[in-house]
Structure formats: C-alpha cells, structure tokens
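1. Take this sequence and fold it.
(one chain, ligands or ions: 1)
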Amino acid sequence: MTNIQKCGVIGVGFVGATCAYTLAVSGLFSDLVLVDMNRDKAIGEAADINHGVAFSKPCRVMAGDYADLAECGLIIIAAGANQKPGESRLELLGRNKGILSSIIAQLTAVNREAILLVVSNPVDVLTCLAQQLSGFPAGRVLGSGTVLDTARLKYLLGQRLGVDSRNVHAFIIGEHGDSELAVWSSANISGADLDDYCRIAGITKPADELSRIYEHVRDAAYQIIDSKGATYYGIGMAVRRIAEAIVRNEHSVLPVTSMIHGHYGVDGICLGVPTIVGRNGAEAVLDIPLSEEELAQLQRSANTMREMIDKLDG
Ligand code: 6V0
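-> Numbers count the residues shown, from 1 in each chain. A predicted model of the protein is given here:
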C-alpha cells in the first residue's frame, strides 16, 4: 500500500538532490527516500537536508535502497548522465536508456502503485520507455516535459513586459529539447493578448523580439551548462510544482510529458503538452487552440520523438 505523503527520489546528483531539497521544504511530504548507486552521496544529501528541517516543516529524509521505496506514492527519477557542453538531450539517450531500464526493473519489483515522474533526459523518450517497461497505466508515468521551459518563457516575457511572470499565460510545448515550440497564438497577460496588453500598458510591442525570446528559452540549458556545468535550481522548483499538483489533487494545467493518443493529430507519442495533473498523475491531455504553423511544428516535434523511439525499439 503506497502513501502519497512518502516520496522517493532515484538519482541524487545535481538535479535529484535539488529536487529533494525543494520537496523537503515544500511541506508536502512526511518522508523522502533518496536512492543513488553512489550510496555515500545519498547519505550525505539526506543528512544535509535533515539538518535544515528544524527551519522548515517536519520531514524525515533518509538514504535507502529500492525496498525503502515500497510505500512511496510518488517517485522522481533523476538518475543518469547529464548533458556535456554542446551535447543535445537526445544524444544522452544511449547512456540513459540502460540506467532507466535497470531502475524500472528494481522499482517495479517492490512498488507497482506509485506515480512515476521522470526528469532524466531525454525526458520525453525516457517517459515513453518508463511507461513501456513498467506496464503502469500511462497517466501514472509522466515526465517533467516543458514545465521548466514554460517557466523560462514566462520569466523572460514577464521581464520584457514589466509584469509578474505568474500573470503571463503562455506555453512551450513539444519535446523538452531542440524541437520545442512557443504557442504565441494564445499567449496573454491575464486575459489580454500581447498586442492589447502592450497598448494598455503603453509599452512597445515585442513582436520582433519574440523569436529571440523563444530561442533564449530553447537554448537556456546549453547556456547555463556552458557557464556552470549543469542546471538544477529551475528544474528543482518545477518538480516541486508538479509534485504539489499531484499530492494536493489540484487538477492543475501543466505541460508535463504525457502519452498523446489522438490529440493534435499525434498518436502513441509522449510529449510536453498542457495536461490536467492531479492525484492520478497525468489525468487528461488538453487540446489547446494552435495556429496552423504551431500545429505543424508540434507534429514535426512528435516525428522527431517517433524517430528516437523507433531507434530504441530497433
Ligand atoms: P548528475 O549530477 O550526474 O547526477 C546523476 C546521478 O544519478 C548521480 O548521483 C549518479 O550516481 C546517479 N545514478 C546513475 N546511475 C544510477 C542508477 N542506475 N541508479 C541510481 N542512481 C544512478 O546529473 P544531473 O543531476 O545534473 O542530471 C540528472 C538528469 O537530469 C540528466 O539526465 C539531466 O539531463 C536531467 N535534467 C533534466 C531536466 C529537465 O528539465 N527534465 C533539467 C535538468 C537536467
């Protein structure tokens, strides 16, 4: 029997350890179990976070092995290699496929009820693989998708328009990677489209800057990896947000990686698309309106994923 207040994190490198930290301070969980092939690293991360619990809410953080994940209702998978400077996420697939396969085999031997949240890259392909290998219902195996990319877009647009990024409503969808796209056609600031908002706020339209903002979002990980070697704070905060939507059964719309069947003319592919997220995981994919060009871009992104999955199967 699993308990949604118990959460496991598999792989506590830069990303997993930061997720463990954001989840511990979130107050969402009574227990966090950290599993890593480097057991000493998990022990150190657990101790470090436990030493701050007196400043936060009660949460037991322990280093464990797979047996300790048996009761976890939510399990975050952040194990595996990260990108080297200049390396694309898809190029990680060869290295991370084997790691994910061994994790799913060990995990499903002790727990077949949890919701799995895949964070390791390439996240969309690995989410698809985790669904296949676990045999869990598709909604219970989701990926972090373009939740982080969407937050990056909201941040940059908010900065440009001088408005709180929480009032920016716009999505990055598709692959969490080079083929992702910005849905400009429905982007708005609290209900006002970008043209109207700029007119109301008396600022110049950023029309010619939108493609640069998109490129900045798409290439953000490359830039951060060039300057500090890895990205982890943004994704740690994104994972906390997804966990919150699940644990609190919020039915929040988040662009997590979901299995798409018959939406947007795409079938049998996992991609980041607006999805209702709640206690059952990825509960329903939403068909948001897209322009013809955006739809074509999303389908191209799906084709990129399809090619990667076919290679996996081959
Ligand atoms: P890291 O710092 O190298 O940590 C990886 C951790 O995984 C290490 O502690 C390893 O010991 C551990 N590990 C490796 N194999 C296993 C295994 N079989 N079982 C258990 N633990 C294992 O990498 P980092 O934390 O920077 O990145 C982890 C993954 O997250 C990479 O694939 C990144 O590309 C990915 N990211 C995904 C993001 C997203 O938006 N989805 C964002 C940033 C990084």
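2. Where does L153 sit, in terms of helix or strand?
-> helix 147-161 (DSSP states H and E).
3. Distance from that helix to the middle of the chain?
-> Relative to its chain's centre, helix 147-161 lies at 15 Å (Cα atoms, centre = their mean, to the nearest Å).
4. likewise stretch 114-129?
-> 8 Å.
5. Phi, psi for the residue of the chain found nearest the ligand please.
-> Here the residue of the chain nearest the ligand is G13; by Cβ to the nearest ligand atom that distance is 1.7 Å. Yep, even glycine has a C-beta here, placed from its N, CA and C like the rest. Per-residue torsions, G13: phi -80, psi -150 (degrees, to the nearest 10).
6. Do you know the pLDDT at the closest residue in space to A78 that isn't next to it in sequence?
-> Excluding its sequence neighbours, the residue lying closest to A78 (Cβ to Cβ, 6 or more residues apart in numbering) is G16, at 3.6 Å. pLDDT for G16: 98.
7. where's the residue located most distally from the centre of the chain relative to W184, distance?
-> Using Cα atoms, centre = their mean, the residue of the chain lying farthest from its centre is G202. It sits 35.4 Å away. Taking Cβ to Cβ, to the nearest Å as the measure, G202 falls 21 Å from W184.
8. With V141 instead?
-> Distance of V141 to W184, given as Cβ to Cβ: 30 Å.
9. Am I right that N303 is in a helix?
-> Yes - assessed by DSSP: H, G, I helix; E, B strand; the rest coil, N303 belongs to a helix.
10. Tell me, how many residues neighbour it?
-> 13 (other Cβ atoms under 10 Å).
11. same deal with D219?
-> Neighbours around D219, by other Cβ under 10 Å: 12.
12. How about the residues of the stretch 101-250 of the chain by the ligand?
-> 102-103, 119-121, 123, 144, 148, 176, 230-231, 235 (Cβ under 6 Å from any ligand atom).
13. how about those, which pair is most distant?
-> S102 and L148 (25.8 Å; Cβ to Cβ).
14. And those two? Which one has more around it.
-> Per other Cβ under 10 Å, whichever of S102 and L148 has more neighbours is L148, with 26 against 11.
15. so the more buried one sits right up against G234, yeah?
-> Yes - counting by Cβ atoms under 8 Å, L148 touches G234, with 5.2 Å between them.
16. Just confirm A296 is within a helix.
-> Yes - remark: A296 belongs to a helix, assigned using three-state DSSP.
17. Tell me the pLDDT of it.
-> 97.
18. do G86 as well
-> 82.
19. quick one: contacts for A221?
-> 83, 89, 231 (Cβ atoms under 8 Å, 6 or more residues apart in numbering).
20. Doesn't it lie inside a helix?
-> Yes - per three-state DSSP, A221 lies within a helix segment.
21. so N249 makes contact with I276?
-> No - contact criterion Cβ under 8 Å: N249 and I276 do not qualify, at 10.7 Å.
22. who has more neighbours, those two?
-> I276 (20 against 13).
23. A284 is in contact with the more buried one, correct?
-> Yes - if you go by Cβ under 8 Å, I276 and A284 touch, sitting 4.5 Å apart.
24. before we move on, the earlier item: can the residues of the stretch 101-250 of the chain next to the ligand go into a markdown table with extra columns for distance to A302?
-> Listed next are those as a markdown table, based on distance: Cβ to Cβ, whole Å:
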| residue | distance to A302 |
| --- | --- |
| S102 | 28 |
| I103 | 26 |
| V119 | 21 |
| S120 | 20 |
| N121 | 18 |
| V123 | 15 |
| S144 | 18 |
| L148 | 20 |
| H176 | 13 |
| A230 | 28 |
| T231 | 25 |
| I235 | 23 |
